[in-house]
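A.B. asks: pasting the structure only:
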């Protein structure tokens with residue numbers, strides 16, 4: 001049996017017509033390149049991208065599950081008023097968020113899904129900030145102005161601890177903190193806690209028992225320590241109220 005030579009095979013391949021017409025190949029290639037961008041433009045990552053941006057601007061960020069059986073939290077009433085907060089709280093599904101900025105003195109921000117305003121037929125308050133599919137309500141115009149610059153900065157994609165914490169903040173009750181928050185809470189003592197300069201805790205519990213699990217890092221954005229084991233405390237869970245920033249009252 002005659003074996004074809006390498007040169008003969010190469011010549012045949014060069015002479016062979018392509019399996020698809022050139023115009024069709026170009027069209028398919030263009031679709032493959034453009035389709036992902038078009039899809040993302042019409043279907044952006046809803047809350048993940050907004051939370052990533054807020055995470056980069058926050059000193060301490062907390063998530064809470066909504067519970068329509070309880071009255072609206074005080075922060076909702078302060079930022080929205082009694083009627084709007086009641087209507088939004090009744091319609092709220094999934095998590096909501098609150099955070100302190102990195103300036104340290106601008107107050108507490110409330111973060112809600114933009115869809116919840118449409119569902120409750122409540123107008124988005126004037127002066128609020130739209131961050132992708134989230135709405136941020138600042139305590140005053142000065143605080144809103146201080147937040148615009150860090151939100152506008154182009155940041156790298158979260159990685160490591162930050163990336164994992166975005167998922168936790170979306171799906172359950174959790175808290176994320178930075179060295180800025182640690183310094184505000186502990187003052188000079190924060191320098192003694194080098195392994196805890198950045199962290200993320202997932203909170204849970206039943207009744208009067210609060211349980212938590214999480215991880216910490218010595219520097220923002222770097223690898224973290226192994227997740228801490230489940231711990232238990234006799235302090236009641238926050239249940240939608242702010243975790244105390246005063247170290248004398250912190251659980």
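C.D. replies: Okay, I see it. Predicted model, so just to flag it, every value in this text is computed and none were measured. Numbers count the residues shown, from 1 in each chain.
A.B. asks: ok, and what's touching the helix or strand containing residue 100?
C.D. replies: Counting by DSSP states H and E, the element that carries residue 100 is strand 95-101. Under the criterion CB atoms under 8 Å, 6 or more residues apart in numbering, residues 51, 54, 57-66, 75, 106-113, 134, 143, 146-147, 150, 169-173, 181, 184, 242, 245 lie in contact with strand 95-101. (C-beta placed from N, C-alpha, C; glycine too.)
A.B. asks: stretch 140-157 too?
C.D. replies: Stretch 140-157 is contacted by residues 52-54, 56-57, 101-103, 106-107, 109, 127-129, 131, 136, 138, 163, 221 when judged by CB under 8 Å, 6+ apart.
A.B. asks: show the buried residues in these.
C.D. replies: 52-54, 56-57, 101-102, 106, 109, 128-129, 131, 136, 138, 221 (16 or more other CB atoms under 10 Å).
A.B. asks: the residue lying closest to residue 66 once chain neighbours are set aside and residue 170, how far apart?
C.D. replies: In this structure, residue 66 finds its nearest non-sequential neighbour in residue 92, 3.9 Å apart by CB to CB, 6 or more residues apart in numbering. For residue 92, the distance to residue 170 (CB to CB, to the nearest Å) stands at 15 Å.
A.B. asks: the contacts of strand 95-101 in strands, which ones?
C.D. replies: Counting by DSSP state E, these place 58-65, 108-113, 134 in strands.
A.B. asks: residue 134 reaches residue 115, doesn't it?
C.D. replies: No. Counting by CB atoms under 8 Å, residue 134 does not reach residue 115; the two are 9.7 Å apart.
A.B. asks: who has more neighbours out of these two?
C.D. replies: Neighbour totals were compared for residue 134 and residue 115, and residue 134 leads with 22 against 16 (other CB atoms under 10 Å).
A.B. asks: what are the boundaries of the helices in this structure?
C.D. replies: 6-15, 22-42, 48-57, 74-80, 82-91, 114-119, 141-152, 160-171, 179-186 (DSSP state H).
A.B. asks: may I have the beta-bridge partners of the residue lying closest to residue 75 once chain neighbours are set aside?
C.D. replies: Nearest in space to residue 75, with sequence neighbours left out and distances taken as CB to CB, 6+ apart, is residue 110 at 5.4 Å. For residue 110, the beta-bridge partners are residue 98, residue 137 (DSSP bridges).
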